[in-house]
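Novice: based on what follows, work out the 3D shape:
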Amino acid sequence: MTTTPHRVVIVGAGFGGLETTYRLAGAPVEITLIDRRNHHLFQPLLYQVATASLATSEIAWPVRHLMRDRREVTTLFATVSGVDAARRCVLIDDGSEVPYDTLVLATGARHAYFGHDEWETWAPGLKTLEDATTLRRHILVAFERAERETDPAKRAARLTFVIVGAGPTGVELAGTIAEMAHHTLPGDFRNIDTTKARVVLIEAGPRVLAGFPDDLSAYAQASLEKIGVEVVLGQAVTEINREGVVFGAKLLEAKTRIWAAGVRASPAAEWLGAPADRAGRVQVEDDLTIPGHPEIFAIGDTININAWEGKPVPGIAPAAKQQGKHVAETIKARLRGENKGAFRYKHAGSLAQIGKRLAVIDFGKIKLRGTIAWWIWGIAHIYFLIGLRHRLSVALSWLWIYARDQRAARLITQGSSKVV
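Specialist: Now for the predicted structure:
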């Protein structure tokens, strides 16, 4: 008698989805891994592609290549449009369906503009490789256009870079753009002084890196200001348009605007009619299942769960990986007729880079800042990259930037002469 393998469908090949797939190795299951992109992306370093520090190939890997030795895994390059929970099938946008016995939704998050979706046209966010190369083009073209601009006011607008949101992504972007303007580019231009570029970081809250302790937040702000970033706190942006950004009832003319202020979960909650918070994140049970659907799990940025000593689990890569591991172990336990139990998040620490020799790290009782934190930050990120070649490539790129202030990925692509 032939036993049909348990069918597991995983939607999303990010940190959570990939970890679930890896951890199910050897289990009596057939896995279908679906993603609308053909690559797994190391999002923590996405801003380094946007700021010309790394190439796209250094932080992304084809999913099919990663799964080439897993014969039980079928990879589908497709866009999911919904879930029919009653019939237990995933709906694809071309009208096809993928049946499942267990479903894992690891669909991530998208940008949130707090009811002003029209701002996305003028202030793109940073979630995908396409976003990163678009931002890289905007940043580099801004300097190129400024080189040709003869009107002082228009040149100043070209050389003004505004980042909205002072979380880790905003801080990392602001610090890197400032260092590029002050250290990488000055010798490359003849008509402009790139050190005169303005990098303005705007935060509606009272401090940068709100998720970090007060002393590390204060150090990060002081470090940003030291390398030339203008930090504006307690000011909400009220408008973003073709000319620039409005905050404090004043318009700051800037041709490069970057959104790093908020995210919204994928429409997974809408697909299932499941309870969700204001950001659209599914309110899951303590074992990461959808209420009323024990056969459906949701993980990563898709969900909201208070599993960190009673606090919400942060939307970071280590959390998604821990959740993916828990889901895989739960599936294997169920196949044995056992129960895994509730998910509990273990926080390993928070890290943020400020500049090429500056970072902050919060390990709880141990807090680090400065150069030593930067080295630990770099080692930690290199460790989590996939493959020796990528680790060596990124390490060499960073060492070159550290020693020579040169960024090898300064390529203008996607229609080189057009910028908003």
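Novice: so what's the residue count around the closest residue to Gly108 other than its chain neighbours?
Specialist: Leaving aside its chain neighbours, Gly108 sits nearest to Asp301 (4.9 Å; criterion: C-beta to C-beta, 6 or more residues apart in numbering). All C-beta atoms are positioned from the backbone trio N, CA, C, and that covers glycine. By the criterion of other C-beta atoms under 10 Å, Asp301 has 29 neighbours.
Novice: quick one: Asp301 and Arg281, what's the gap?
Specialist: According to C-beta to C-beta, to the nearest Å, Asp301 stands 7 Å off from Arg281.
Novice: what of Ile305?
Specialist: Distance, Ile305 to Arg281, by C-beta to C-beta: 9 Å.
Novice: give me the more crowded residue out of those two.
Specialist: Neighbour totals were compared for Ile305 and Arg281, and Arg281 leads with 25 against 22 (other C-beta under 10 Å).
Novice: isn't the more buried one right up against Ala269?
Specialist: Yes. Between Arg281 and Ala269 there is a contact under C-beta atoms under 8 Å: 7.3 Å.
Novice: who are the contact partners of Thr371?
Specialist: Residues in contact with Thr371 (C-beta atoms under 8 Å, 6 or more residues apart in numbering) are Arg357, Leu358.
Novice: could you dump stretch 252-259 to PDB, C-alpha only?
Specialist: Output of stretch 252-259 as PDB, limited to C-alpha atoms (Å, rounded to 0.1, in the frame of the first residue of the first chain):
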ATOM      1  CA  LEU A 252      12.300  71.300   2.100                       C
ATOM      2  CA  GLU A 253      13.100  71.100  -1.600                       C
ATOM      3  CA  ALA A 254      14.800  67.800  -2.400                       C
ATOM      4  CA  LYS A 255      14.800  65.700  -5.500                       C
ATOM      5  CA  THR A 256      15.700  62.500  -3.700                       C
ATOM      6  CA  ARG A 257      13.200  61.300  -1.100                       C
ATOM      7  CA  ILE A 258      13.300  57.900   0.500                       C
ATOM      8  CA  TRP A 259      10.500  56.300   2.600                       C
END
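Novice: buried stuff in it?
Specialist: Neighbour counts over stretch 252-259 (16 or more other C-beta atoms under 10 Å) mark Leu252, Ala254, Lys255, Thr256, Arg257, Ile258, Trp259 as buried.
Novice: same question for stretch 342-352.
Specialist: By 16+ other C-beta under 10 Å, the buried positions in stretch 342-352 come out as Phe343, Tyr345, His347, Ser350, Leu351, Ala352.
Novice: need the residue closest to the centroid of the protein.
Specialist: When C-alpha atoms, centre = their mean is applied to the chain, the residue found nearest the centroid is Gln43 (4.2 Å).
Novice: distance of it from Ile316?
Specialist: Gln43 is 9 Å from Ile316, where distance means C-beta to C-beta.
Novice: which residues are common contacts for those two?
Specialist: The overlap between the contact sets of Gln43 and Ile316 (C-beta under 8 Å, 6+ apart) is empty.
Novice: just the element for the spatially closest residue to Phe247 that is not a sequence neighbour, please.
Specialist: Sequence neighbours aside, Gln235 is the residue nearest to Phe247 in space, at 4.5 Å (criterion: C-beta to C-beta, 6+ apart). Assessed by DSSP states H and E, Gln235 sits outside every helix and strand.
Novice: how about Ser223?
Specialist: Here Ser223, judged by DSSP H and E, is contained in helix 214-226.
Novice: sheet-wise, list the partners of the helix or strand following that helix with their directions.
Specialist: With elements assigned by DSSP H and E, the helix or strand that comes after helix 214-226 is strand 229-233. According to DSSP bridges, strand 229-233 has the following sheet partners: strand 198-203 (parallel).
Novice: now the strand it pairs with, how far from the centre of its chain.
Specialist: On the basis of C-alpha atoms, centre = their mean, to the nearest Å, strand 198-203 sits 20 Å off its chain's mean C-alpha point.
Novice: got the CA positions of that strand in PDB?
Specialist: Only the C-alpha atoms of strand 198-203 are listed here, as PDB (Å, rounded to 0.1, in the frame of the first residue of the first chain):
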ATOM      1  CA  ARG A 198      22.500  67.700   2.600                       C
ATOM      2  CA  VAL A 199      21.300  64.400   4.100                       C
ATOM      3  CA  VAL A 200      18.200  65.000   6.200                       C
ATOM      4  CA  LEU A 201      16.700  62.300   8.400                       C
ATOM      5  CA  ILE A 202      13.200  63.100   9.600                       C
ATOM      6  CA  GLU A 203      11.500  61.200  12.400                       C
END
